[in-house]
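**Student:** Dropping a prediction and its sequence here:
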Amino acid sequence: YPTLPITMPILFSQELPIYTLLVLLVLPLYYLYSRASCRSNNPAVLPTNWPILHMLPSLVANLHNLHDYFTLVLARSGHSFRAHGPPGTGMRLFVTRDPANVRHIFTTNYTNFPKGAEFAAIFDIMSGSIFTIDGEPARRQRTKIKSVLSSPWLVARMEAGCRDKVENSLLPLFTHMASTGTPFNVQELMSRFMFDMATIPLFGVDPGLLSWDMPPMDAAVAMDTIMEVAFFRVMMPSSCWKLMRWLNIGTERKLQVAHKVLGEFVREMLERRKINTCRLGNAEEQEGVDIRSCFINDPDYADDDLAHAMIISYMLAARDTVGTTLTWVFYNLAKNPSIVSIIRNELSPIASHKVASGAGAMLIFEPDETKSLVYLRAVLYETLRLYPPAPLERKMVAGNDIMPSGHEVHTGDTIFISLYSMGRMEGVWGNDCLDYNPDRWIVNDGNNLRYVPSHKFLAFNSGPRMCLGKDIAIMQMKTIIASTLWNFDVQLMEGQSIQPKPSCILEMKNGLIVKLNKRVI
Ligand code: HEM
């Protein structure tokens, strides 16, 4: 990778000795804690309140399994707890999974809990885009994006695009893997697939990551890096990562490189888009060509940096979430053959009216055909309950407030909402909350989906900032899962250690290695 010159002005020179001391203290403690937790099967449960550093060492020591750690602590602390870091760092955390608090934060008193300036700094590559802003600017951007994502031409194009990619790229590749008996990393394949699926409607260009020769996927890896480094930034006092950025070391150095790689990718796509649209009769600036065309003539989005931030935001929203969820779906289905049988039974009436077509005479399920399938949707919701792709939400407190749980929060506090932990609450989901069981979503003899309010099932967020891509995501996931499961059996390779990666996206740390067998129907 190329290295970047240091262009940051010296912002923290007066405080430098304090930050240096902090890093020097934290690193040895992190080392000791990591060693201790590797040796012990019984890691510390509650954050220890150390002198000077307070609870920072406990958080740092548990970064590698933070979601399970939060789940444990939240279960033992009545669903909410406080944590604080060293004095002067501004690290005052309130961590919760209490649905009543969630409703208060996301809906009832929503304006008092913005994302805030710190969040925008953490996700600086998306600065100015909907993911990092609050208030009226966010409302305006949301209205625009909502109208684009729900426009019939785009929905039709995304449905057709997904179906074509499944037929012409995914199933032929799966057939090849099955016929050669090659084990492969399905997480990487889903990441390639969704990278293409996100890029095509955005620029009208297919980067072709999902192809037989498995081309380099630098931009996709750069996106993973951004989410991993953001996770570190989210959990650290901001002075710590800002010092590392200033020194251009460690994760911050990796991040600079990732930003550069993504910048180059966006520039290349915009160039290729220009060539394509010129070929189509100079339609580059006509609305309805692709998502990008809907913003080109709008003066609100004339700024190049904002356009760049919005492109990256869209790529992260549309690729990471769906690709990650699909990997967890395949993992859980491979472990539960009886659930796979129920899905196939639900697909049977549709399949009986179809004629196999395409490579290896396989059945493809159209997005329209799977729309009404209740059990398949229950499988998706059950996966999103236990493995929400965005496992942790972060909010700021704008003014002093009292939570429904009785906890006081103060101006400037940071709130973490553990979605991962919310899906594992006995009080909401029952004693079998840790079991993967899509039936919990089914009511009325299998004909309807159980309604669970979004402040209890937060995977797509709640309140005025709900996800704008939910329908598109469900359509894509149903098309991919139906077509894969009808044509193939998915087999997990033995001996894998399945655990989430420390990242803002709940990817698997070591990927997921599977083997496919072509079904004889
Ligand atoms: C399994 C799939 C998905 C899940 C679980 C999901 C989840 C979420 C969550 C939790 C948020 C709130 C993020 C935050 O503000 O911190 C969000 C926002 C958003 N999502 Fe999704 N998402 C998914 C797929 C998609 C797709 C495919 C698109 C686009 C095609 C999309 C577009 C958006 C947009 C534009 C927002 C911003 C809404 C706002 O801030 O007002 N999402 N999503």
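**Tutor:** Cool, got the structure. Numbering: from 1, shown residues only.
**Student:** Tell me the helices and strands packed up against the helix or strand containing Arg233.
**Tutor:** Element membership for Arg233 (DSSP states H and E) is helix 218-235. Applying 3 or more Cβ pairs under 8 Å, 6 or more residues apart in numbering; DSSP states H and E, one finds that helix 218-235 contacts helix 116-122, helix 186-203, helix 250-279. Placement of C-beta: from N, CA and C, glycine included.
**Student:** tilt between that helix and helix 250-279?
**Tutor:** Going by axes from the mean of the first three to the mean of the last three Cα atoms, to 10 degrees, helix 218-235 is angled at 140 degrees with respect to helix 250-279.
**Student:** tell me the mean pLDDT for helix 218-235?
**Tutor:** For helix 218-235, mean pLDDT is 96.
**Student:** out of everything not next to it in sequence, what's closest to the closest residue to the ligand within the stretch 301-450 of the chain?
**Tutor:** Residue of the stretch 301-450 of the chain nearest the ligand, by Cβ to the nearest ligand atom: Thr321 (3.4 Å). Nearest residue to Thr321, sequence neighbours excluded (Cβ to Cβ, 6 or more residues apart in numbering): Pro389, at 4.3 Å.
**Student:** now, of the helices and strands packed on helix 218-235, which is deepest in the fold?
**Tutor:** The highest average neighbour count among the helices and strands packed on helix 218-235, using mean count of other Cβ atoms under 10 Å, belongs to helix 186-203 at a mean of 24.
**Student:** same for it, what does it pack against?
**Tutor:** So helix 186-203, by 3+ Cβ pairs under 8 Å, 6+ apart, packs with helix 152-165, helix 218-235, helix 250-279, helix 304-315, helix 321-335, helix 470-487.
**Student:** could the ones you listed go into a markdown table alongside distance to His410?
**Tutor:** Putting the helices and strands packed on helix 186-203 into a markdown table (distance: least, Cβ to Cβ, whole Å) gives the following:
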| stretch | distance to His410 |
| --- | --- |
| helix 152-165 | 43 |
| helix 218-235 | 20 |
| helix 250-279 | 30 |
| helix 304-315 | 30 |
| helix 321-335 | 32 |
| helix 470-487 | 34 |
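**Student:** Of all those, which one is nearest Ile417?
**Tutor:** Closest to Ile417 of the helices and strands packed on helix 186-203 is helix 218-235 (Cβ to Cβ; 12.2 Å).
**Student:** could you give the angle of the following helix or strand past that closest one to helix 250-279?
**Tutor:** Counting by DSSP H and E, the next helix or strand C-terminal to helix 218-235 is helix 238-247. Following the same axes, to 10 degrees, one obtains 70 degrees for the angle between helix 238-247 and helix 250-279.
**Student:** For helix 238-247, give the mean pLDDT please.
**Tutor:** Mean predicted lDDT for helix 238-247 stands at 95.
**Student:** can you check stretch 192-203 too?
**Tutor:** Rounded mean pLDDT across stretch 192-203 is 96.
**Student:** So what touches that stretch?
**Tutor:** Stretch 192-203 is contacted by residues 154, 157-158, 161-162, 165, 169-170, 205-210, 214, 217, 219-220, 269-270, 272-273, 290-292, 311, 314-315, 318-320, 322-323, 326, 476, 480 when judged by Cβ atoms under 8 Å, 6 or more residues apart in numbering.
**Student:** Confirm for me that Ala334 is in contact with Met493.
**Tutor:** No - assessed by Cβ atoms under 8 Å, Ala334 is found out of contact with Met493, at 9.7 Å.
**Student:** Give the burial count for the residue lying closest to Asp401 once chain neighbours are set aside, as a bare number.
**Tutor:** Closest residue to Asp401 apart from its sequence neighbours, by Cβ to Cβ, 6+ apart: Val409 at 5.3 Å. The number of residues packed near Val409 is 24, by other Cβ atoms under 10 Å.
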